[in-house]
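*Asks:* Here's my sequence, what's the structure:
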Amino acid sequence: MSRPIPPSQHSASRDSAGAAPPRVLTVAGSDSGGGAGIQADLKTMLALGVHGMSVIAAVTAQNSVGVQGYWELPAEAVRAQFRSVVDDIGVQAVKTGMLASAELVRTVAELLADVDAPVVVDPVGVSKHGDALLADSAVSVLRDRLLPVATVATPNLHEVAQLTGIGVTRESEMPDAARALQDLGPSWALIKGGHLEGEAADLLRGPDGEEHWYRAARYDNRHTHGTGCTLASAIASELALGLDVPAAVAAAKEYVTGAIAGGFALGAGIGPVDHGWRLR
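*Replies:* As a prediction, this is how the structure comes out:
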């Protein structure tokens, strides 16, 4: 089924081969292992038919067994990348991921305040392996400055607790967590219940308090590196393609569920989801 494409903010510069696809920008960290971060974002965007662009906020040394180190870029470098892309090419959706430090969170929040496009904030706090990817000093800045500019926020349960103080141990507690997260400023709050038992259930709460549940089978596959990045990037891509938020989340959930089912082993630890599963 074809999807409506929102009008471009800038005139396309393509030749007679055709119009440019919708443009989506990721502001996140680089994953040297290729399963999460910028690399997962761009793979997702390509798979879903949008043009992915990137602002690298940090560089990680990581593989299938963990994160061995990370180095944040100067705020000036992040600001320059952002302005270079947005001022010339334009964006129809933005996704944020690992931002590492309070200074970078503050910088990105300031940049996004003037962007006339939906913003999906994945408030990355820890890696799949439990390695910290956000400085403790940055949590309050993310809560106070970045969440208020988000169209959709997509925390996992660890990040929900970090941001709201609410620990979720069962599905019945997710509505309270969604309400608390939404009180911090995002228009839509998506609570991901993937770490709970049973079905993989996520809850989206909208501006008027409406709730949308998304359920999928849980696959017995340990190779799930990059699921959070992939889901947030898929939501941003679907928004750029013209879907409203509930429909974009539904489409993204379907895509990431297939990617989890196709996850494959790499190295000695947790392998990535399969971003190209629809092409195989």
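*Asks:* tell me what the longest helix along the chain is packed against?
*Replies:* The longest helix of the chain (DSSP state H) is helix 245-261. Helix 245-261 sits against strand 200-205, strand 211-216, helix 227-240, with contacts defined as 3 or more CB pairs under 8 Å, 6 or more residues apart in numbering; DSSP states H and E. Quick note: C-beta positions are derived from backbone N, CA and C, even for glycine.
*Asks:* I figured G194 hits L203, correct?
*Replies:* No: using CB atoms under 8 Å, G194 makes no contact with L203, being 11.7 Å away.
*Asks:* how about the helices of the stretch 51-200 of the chain, start to end?
*Replies:* Counting by DSSP state H, counting those that start in this stretch, one finds helices in the stretch 51-200 of the chain at the ranges 75-88, 102-112, 136-141, 157-164, 174-182.
*Asks:* need the ones you listed in TSV with mean pLDDT, distance to V94 and mean neighbour count, can you?
*Replies:* Compiled in TSV, the helices of the stretch 51-200 of the chain are given as follows (pLDDT from 0 to 100; distance: least, CB to CB, whole Å; neighbours: other CB atoms under 10 Å):
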stretch	mean pLDDT	distance to V94	mean neighbour count
helix 75-88	98	9	15
helix 102-112	97	6	21
helix 136-141	91	18	15
helix 157-164	94	19	20
helix 174-182	97	19	20
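*Asks:* would you turn the ones you listed into CSV with distance to A58?
*Replies:* Formatted as CSV, those follow (distance: least, CB to CB, whole Å):
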stretch, distance to A58
helix 75-88, 9
helix 102-112, 8
helix 136-141, 11
helix 157-164, 17
helix 174-182, 24
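*Asks:* now the longest helix of the chain: mean pLDDT?
*Replies:* Average pLDDT, helix 245-261: 97.
*Asks:* from now on call the first residue 669
*Replies:* Will do, 669 is the new start, and the previous item becomes helix 913-929.
*Asks:* Taking helix 895-908 as reference, get the angle to that helix.
*Replies:* 140 degrees (axes from the mean of the first three to the mean of the last three CA atoms, to 10 degrees).
*Asks:* picking up where we left off before, closest one to V809 among the helices and strands packed on helix 913-929?
*Replies:* Closest to V809 of those is helix 895-908 (CB to CB; 19.1 Å).
*Asks:* List the buried residues for that closest one?
*Replies:* Buried residues in helix 895-908, counted by 16 or more other CB atoms under 10 Å: 895-908.
*Asks:* same question, stretch 912-926
*Replies:* In stretch 912-926, counting by 16+ other CB under 10 Å, buried: 913, 916-921, 923-926.
*Asks:* ok, and what's touching that stretch?
*Replies:* Applying CB atoms under 8 Å, 6 or more residues apart in numbering, the set of residues contacting stretch 912-926 from outside is 712, 715-716, 786, 819-820, 855-856, 858, 868, 870, 872, 874, 880, 882, 884-885, 887, 895, 898-899, 902-903, 905-907, 911, 941-942, 945-946.
*Asks:* could you redo the last one with a cut-off of 6 Å?
*Replies:* 856, 872, 880, 882, 884, 898-899, 902-903, 906-907, 945 (CB atoms under 6 Å, 6 or more residues apart in numbering).
*Asks:* which residues of this structure score low on pLDDT?
*Replies:* 669-685, 796-797 (pLDDT under 70).
*Asks:* quick one: which of the buried residues of helix 895-908 is nearest to V762?
*Replies:* Closest approach to V762 among the buried residues of helix 895-908 (CB to CB): A904, at 6.7 Å.
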